[in-house]
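J.: sequence first, predicted coordinates after that:
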Amino acid sequence: MSLIFALVFVAFIAVAPNADAATPPSVSATWVTEVTATSARLRAKIDPEGQSASYRFEYLSESAYEANLKANPTSEGFQGASLVPASGTAPLGSGSEPVAVAQHISSLEPFTAYRYRAVATNASGTTAGPVFLFTTESPTNASTTLDERGWEMVSPIDKGGGAIGAPEELFGGGDLQAAAAGGAVTYGSATAFDEALGAPPVGQYLSQRRAGSGWTTENLSPRLESGAYGDKPDGAPFRVFAVDLSRALVLDPSRCAAEGTCSWTYSLWEGGAFTQFPKAPGLVFEGASPDLHHVVFAVDAGLYKWSGAGLEALSVTPGARLAAPIGATSADGSRIYFSEGEDGPLKLRDGAATKILPETTGTSAAFQAASADGALAYYTVGSTLYRYEAAGGIAKAIATGVKGVLAVSGSGADVYYQDGSDLKRWHEGTVSVVAAGAGVAAPSDYPPATATARVSADGAHLAFLSAAQIPPFDNLDAKSETPDTELYLYGPPPGGGAPRLVCASCNPTGERPAGSASIPGAQVNGSTLAYRPRALSADGQRLFFDTSDKLVSQDTDSRPDVYEWEAQGEGSCTRSPGCVALISGGRAGGGSFVDASEDGVDAFFLTEESLVGSDPGSIDLYDARAGGGFPEPKSPIPCVGDACQPLPSPPDDPSPGTLVPNAGNPPARWFRPGRKHHKHRKRHRRRHRRAEQGGGRGR
């Protein structure tokens with residue numbers, strides 16, 4: 001037995017793992033701090049793995065790095081790199097825990113991008129850490145606006161003692177939407193001003209730009225009797241506007257509807273007149289064409305379309321619904337995708353014909369998006385992505401293992417999706433990787449109807465949010481060292497060329513962030529979800545976002561602010577690969593992006609900061625317009641009587657002139673840029689009753 005035991009013991013020793021086996025050092029983190037025009041400090045955390053080890057940093061310009069890769073695609077790109085320390089090595093010790101190291105580098109070129117990495121060596125081998133990017137500042141460390149943008153106060157000085165409402169803050173509504181061509185924007189307020197004729201819980205306003213004279217404002221609110229609207233989310237009459245703001249869908253006032261005893265009805269606002277849509281039991285708005293000439297409603301008896309006359313039946317199956325609130329109705333209203341029940345098929349109403357989409361019967365198929373003309377559509381069955389051609393009624397599986405679809409181009413030739421390995425682009429049969437990783441796209445980036453992801457008109461550019469680590473960009477928070485969400489843009493530069501991936505919201509220096517970035521998805525307006533603000537310009541070269549990170553020196557308020565990223569060669573940007581500049585003030589009140597024109601010339605945002613001399617305070621809507629700005633208008637409304645009192649919360653029946661700040665009247669504090677806006681809140685009157693009783697603003 002002793003001989004057998006000895007043999008077994010020897011065999012065990014031969015195959016058992018050695019806990020002290022020698023391994024090369026590991027680089028767990030690499031980052032940069034203290035970036036100036038000519039210097040920086042490179043940092044890393046390196047584990048010697050229990051052996052005597054040394055380390056160094058390697059760095060070279062971005063142009064030299066790319067030239068090395070072009071000359072030798074199989075190389076690591078660091079041929080001829082500068083070393084720090086200059087001797088090429090620095091002692092690391094022989095411990096078994098990560099060691100924080102740093103090296104200062106100088107004699108760098110201003111306004112220049114550099115690649116860098118940490119390299120560590122012990123007796124078992126050499127390990128090169130991940131490659132990161134930093135960019136030196138300009139010689140003067142001065143930041144400027146892009147495209148000579150000037151602040152223009154859009155909302156009027158006299159707002160009847162109130163303020164402009166943030167998205168989803170006003171009874172779940174208060175539509176904020178810019179005209180596609182620019183020069184006009186609509187917004188809401190809990191107070192009535194500018195010749196108000198009625199008193200809905202949410203007043204809707206339209207401001208238009210007059211060249212050389214400023215912005216004029218019109219109150220669009222319908223005349224109505226008190227109590228005609230109920231609690232949230234039905235207190236906001238205006239639901240969605242056409243892309244040029246010439247038409248709007250309006251929820252009609254009705255006391256019995258507020259009490260739940262009858263159905264809502266809708267009207268079309270156009271040119272100041274309200275025309276009621278045909279009535280039907282259980283009428284609910286589902287979606288519309290971008291110009292609102294074709295509107296889809298669900299009713300108790302099925303799904304119907306309005307195109308200027310009566311209601312046309314699309315489906316007489318109870319429970320039939322539009323396939324998606326955005327993207328399921330073609331621009332001309334001739335093609336409409338819809339569903340019939342959870343396991344019912346997806347269908348297409350194509351002219352007078354109704355077609356069943358292949359593979360969708362008896363399954364939980366999910367419509368994703370369609371081309372602008374509805375001729376091409378994408379949908380998933382399980383994790384398989386299908387492309388459907390309406391003309392032939394043919395569907396083809398183009399991807400498997402799909403987690404979500406981010407966007408589909410207007411032509412339908414491009415679809416971006418996240419699968420189990422990467423974020424990918426499908427373009428007319430060719431698949432390319434946008435960013436590697438199974439969790440690159442943020443959950444908010446899909447599906448297309450509500451997504452935070454955006455696609456350019458030609459389908460070549462994709463903007464998306466991600467908390468994943470995507471080298472060479474560093475998204476680990478400077479304090480917590482946990483991932484922050486950043487905004488990325490994929491696509492070719494102006495003038496063409498190979499697609500590239502840039503981090504639009506990352507600090508231009510490459511230093512670690514101090515907060516996350518965000519762009520809005522589809523915003524709820526009452527019971528409607530039918531509009532997504534234009535965060536990405538139509539050509540994909542301008543991108544607007546909010547961030548609490550300080551990306552330029554003028555940002556000193558430590559609050560979320562609005563920024564613009566612009567590609568090199570677009571507008572006034574000359575820096576590669578692009579420029580970042582403030583849109584909001586960055587000095588005191590923060591800001592929140594609202595919407596932009598298709599070309600990005602108009603960029604609208606909310607702020608409580610007074611950015612022009614005539615702004616007396618409160619929350620206002622501004623336009624940071626390229627080449628914009630007006631001469632200062634006349635003095636603001638004076639502080640008289642009750643106007644000089646401290647700011648209260650808006651009353652149920654607000655009176656003009658109660659919220660105008662002056663030297664003894666601090667600015668309003670209701671708005672918190674960057675705060676998550678909740679879809680459902682407690683009753684409007686109850687909130688203010690609590691505020692009066694408890695001395696604070698009830699929520």
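T.: Now that the structure is in, tell me what you want to look at.

J.: now the helices for this structure?
T.: According to DSSP state H, the chain carries its helices in the segments 2-15, 62-71, 255-258, 684-694.

J.: least reliable of these going by mean pLDDT?
T.: Comparing mean pLDDT across the helices of the chain, the lowest value falls on helix 684-694: a mean of 38.

J.: who touches F134 in this structure?
T.: V32, V35, A40, A113, Y114, Y116, T509, G510, E511 (CB atoms under 8 Å, 6 or more residues apart in numbering). For every residue, glycine as well, the C-beta is placed using N, CA and C.

J.: show me those that map onto strands.
T.: Assignment to strands by DSSP state E places the following of the contacts of F134 there: V32, A40, A113, Y114, Y116.

J.: ok, the second one to A370 distance?
T.: So that's A40. In this structure, A40 and A370 are 48 Å apart, going by CB to CB, to the nearest Å.

J.: more neighbours: which of these two?
T.: A370 (28 against 25; other CB atoms under 10 Å).

J.: ok, and the closest non-adjacent residue to the more buried one?
T.: If the residues on either side of it in the chain are set aside, A370 comes closest to A377, at 4.0 Å by CB to CB, 6 or more residues apart in numbering.

J.: with G188 instead?
T.: Residue nearest to G188 in three dimensions, not counting chain neighbours: G174, with 2.9 Å by CB to CB, 6+ apart.

J.: got it, and A375?
T.: Counting by CB to CB, 6+ apart, A390 is the residue found nearest to A375 once chain neighbours are left out, at 5.1 Å.

J.: tell me the contacts of the one you found?
T.: A390 makes contacts with R335, L348, D350, K355, G374, A375, L376, A377, as judged by CB under 8 Å, 6+ apart.

J.: before we move on, back to that, and the ones in strands among the contacts of F134, which of them are buried?
T.: Buried subset of the ones in strands among the contacts of F134 (neighbour count, 16 or more other CB atoms under 10 Å): V32, A40, A113, Y114, Y116.

J.: output those as a markdown table; include the columns distance to P130.
T.: Converted to a markdown table, those look like this (distance: CB to CB, whole Å):
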| residue | distance to P130 |
| --- | --- |
| V32 | 13 |
| A40 | 17 |
| A113 | 17 |
| Y114 | 15 |
| Y116 | 10 |
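
J.: okay if I get those residues as TSV plus pLDDT and distance to V295?
T.: Putting these into TSV (pLDDT from 0 to 100; distance: CB to CB, whole Å) gives the following:
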residue	pLDDT	distance to V295
V32	98	53
A40	98	57
A113	95	50
Y114	97	55
Y116	98	56
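
J.: which single one of these is nearest to A603?
T.: Each of those was scored against A603 by CB to CB, and A113 proved nearest at 26.3 Å.

J.: roughly how far does the closest one sit from P533?
T.: Taking CB to CB as the criterion, A113 is separated from P533 by 31 Å.

J.: ok, back up a step: burial of the residue nearest to G188, as a residue count?
T.: Residues near G174, counting by other CB under 10 Å: 28.

J.: tell me the pLDDT at E169?
T.: At E169, pLDDT is 86.

J.: could you check how far it is from A236?
T.: Going from E169 to A236 by CB to CB gives 10 Å.

J.: neighbour-wise, which of the two wins?
T.: Summary of the neighbour comparison: E169 and A236, criterion other CB under 10 Å, with A236 having more neighbours (29 against 21).

J.: from E168, how far off is that one?
T.: Where E168 is concerned, A236 sits at a distance of 9 Å (CB to CB).

J.: how close does the residue nearest to A460 when sequence neighbours are not counted sit to Y622?
T.: Nearest-residue entry for A460: G491, 4.9 Å, with adjacent residues in sequence omitted and distances by CB to CB, 6+ apart. When CB to CB is applied, the distance between G491 and Y622 equals 29 Å.

J.: so for those two, which sits in the more crowded spot?
T.: Neighbour comparison, G491 and Y622: the larger count goes to Y622, with 27 against 24 (by other CB under 10 Å).

J.: hmm, A399 and Y417 touching each other?
T.: Yes - at 6.2 Å, Y417 counts as touching A399 under the criterion of CB atoms under 8 Å.

J.: what do these two both touch?
T.: Taking CB under 8 Å, 6+ apart as the contact criterion, the residues that touch both Y417 and A399 are L385, K424, W426.

J.: mind listing what the first one touches?
T.: So that's L385. Q368, Y378, Y379, A397, I398, A399, T400, V402, V405, V415, Y417.

J.: list the contacts for D484?
T.: Under the criterion of CB under 8 Å, 6+ apart, the neighbours of D484 are A467, N475, L476, D477, P513, G515, S516, A517, D549.

J.: can you check F238 too?
T.: Each residue near F238 by CB under 8 Å, 6+ apart is listed here: 173, 175, 186, 188, 202, 204, 220, 248-251, 269, 525.

J.: with pLDDT and neighbour count added, can I get those residues in JSON lines?
T.: Shown next, in JSON lines, are these (pLDDT from 0 to 100; neighbours: other CB atoms under 10 Å):
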{"residue": "G173", "pLDDT": "77", "neighbour count": "29"}
{"residue": "D175", "pLDDT": "90", "neighbour count": "28"}
{"residue": "T186", "pLDDT": "97", "neighbour count": "23"}
{"residue": "G188", "pLDDT": "92", "neighbour count": "27"}
{"residue": "V202", "pLDDT": "82", "neighbour count": "27"}
{"residue": "Q204", "pLDDT": "90", "neighbour count": "25"}
{"residue": "L220", "pLDDT": "90", "neighbour count": "23"}
{"residue": "A248", "pLDDT": "96", "neighbour count": "23"}
{"residue": "L249", "pLDDT": "95", "neighbour count": "23"}
{"residue": "V250", "pLDDT": "92", "neighbour count": "25"}
{"residue": "L251", "pLDDT": "88", "neighbour count": "26"}
{"residue": "W269", "pLDDT": "96", "neighbour count": "22"}
{"residue": "N525", "pLDDT": "86", "neighbour count": "29"}
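
J.: list just the nearest of those to P443.
T.: When the contacts of F238 are compared for distance to P443 (CB to CB), N525 comes out closest, at 22.4 Å.

J.: thinking the closest one is in contact with P237, fair?
T.: No - no contact is recorded between N525 and P237 when judged using CB under 8 Å, the distance being 10.1 Å.
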